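# below are the sequence and a predicted model for it; my questions follow.
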Amino acid sequence: MASPKEQPTSTGPRKVRLSRELVLKTALELVDANGLEALSMRRLGQELGCDPMSLYRYAANRAALLDGVTEAVMNELSLSADDPDWQVQLRRIAHDLRLLALRHPNTVPLLVTRPLSTPLGLRPLGTLRPLEQILGLLIEAGFEPTDALHVYRAFHGFVYGHILNDFQELVVDADENEATLRLGLHHLPVKEFPRLRALGPVLAEYDGAAELDQGLTILLSGLAEQLKVCGSDAVPAASQL
């Protein structure tokens with residue numbers, strides 16, 4: 001009796017079904033693990049087990065790939081549809097942005113500087129959706145569209161400035177108990193930097209989340225006062241109609 005015909009077996013790895021979502025997800029993972037310098041079509045092709053040339057279908061060049069990584073990070077951010085309180089929403093978004101930066105620290109240069117290299121209308125849609133959503137939230141809250149844009153710019157500048165500052169709060173020796181030595185402030189001339197050296201204990205106990213919250217309280221309370229003033233100015237004009 002003839003033995004059954006043996007079925008051919010596959011010895012090579014299964015090819016991954018590529019998609020833009022998978023390409024950008026893998027690119028972000030690569031940046032998270034190895035930094036922006038590691039991101040290239042060749043390296044990404046190795047990670048995906050595919051010919052690097054096939055990736056150009058999803059990103060025309062490395063610049064487009066960087067835009068896509070920025071978009072992938074920003075897609076993790078969204079407004080809560082259930083809360084109309086603009087101050088609560090902005091506070092939550094600010095903390096979510098900080099957490100995004102902590103989850104993807106190697107992408108911070110992209111988040112902060114990448115949009116500056118591209119005209120607004122040519123940026124990836126995912127990077128513009130938070131702007132559109134925040135403008136809608138502020139206009140619904142009573143801000144005039146132009147004022148809403150000013151508020152967004154102030155908010156955006158503050159939050160990204162905080163994130164950069166957050167990442168710069170480094171210590172020289174984490175095990176050192178003396179704050180001045182821990183931060184390396186003892187290298188500063190005493191007569192030239194007395195106030196900075198005196199703030200050593202405060203600087204050494206830096207709490208990024210608490211610092212962000214304190215700054216938001218100052219910013220949002222000022223914006224709320226502006227909204228009250230704008231609202232009161234609009235009442236007499238409306239009564240004359």
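The structure has been received and is ready for your questions. Numbers count the residues shown, from 1 in each chain.
# model confidence for Leu170, exactly?
The score at Leu170 is 56. That number is its pLDDT.
# which residues touch Ile134?
79, 89-90, 93, 148, 152, 155 (CB atoms under 8 Å, 6 or more residues apart in numbering). (C-beta placed from N, C-alpha, C; glycine too.)
# from those, which ones fall inside helices?
Counting by DSSP state H, the contacts of Ile134 place 89-90, 93, 148, 152, 155 in helices.
# Leu102: which of the contacts of Ile134 is nearest?
When those are compared for distance to Leu102 (CB to CB), Ile93 wins out at 15.0 Å.
# want to throw the contacts of Ile134 into CSV with neighbour count, pLDDT and distance to Leu111?
Converted to CSV, the contacts of Ile134 look like this (neighbours: other CB atoms under 10 Å; pLDDT from 0 to 100; distance: CB to CB, whole Å):
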residue, neighbour count, pLDDT, distance to Leu111
Leu79, 19, 73, 18
Gln89, 18, 92, 19
Leu90, 23, 94, 17
Ile93, 21, 93, 13
Ala148, 20, 94, 22
Tyr152, 18, 93, 16
Phe155, 19, 94, 15
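# mind putting these in JSON lines, distance to Leu212 included?
Listed next are these as JSON lines, based on distance: CB to CB, whole Å:
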{"residue": "Leu79", "distance to Leu212": "18"}
{"residue": "Gln89", "distance to Leu212": "15"}
{"residue": "Leu90", "distance to Leu212": "12"}
{"residue": "Ile93", "distance to Leu212": "11"}
{"residue": "Ala148", "distance to Leu212": "22"}
{"residue": "Tyr152", "distance to Leu212": "17"}
{"residue": "Phe155", "distance to Leu212": "12"}
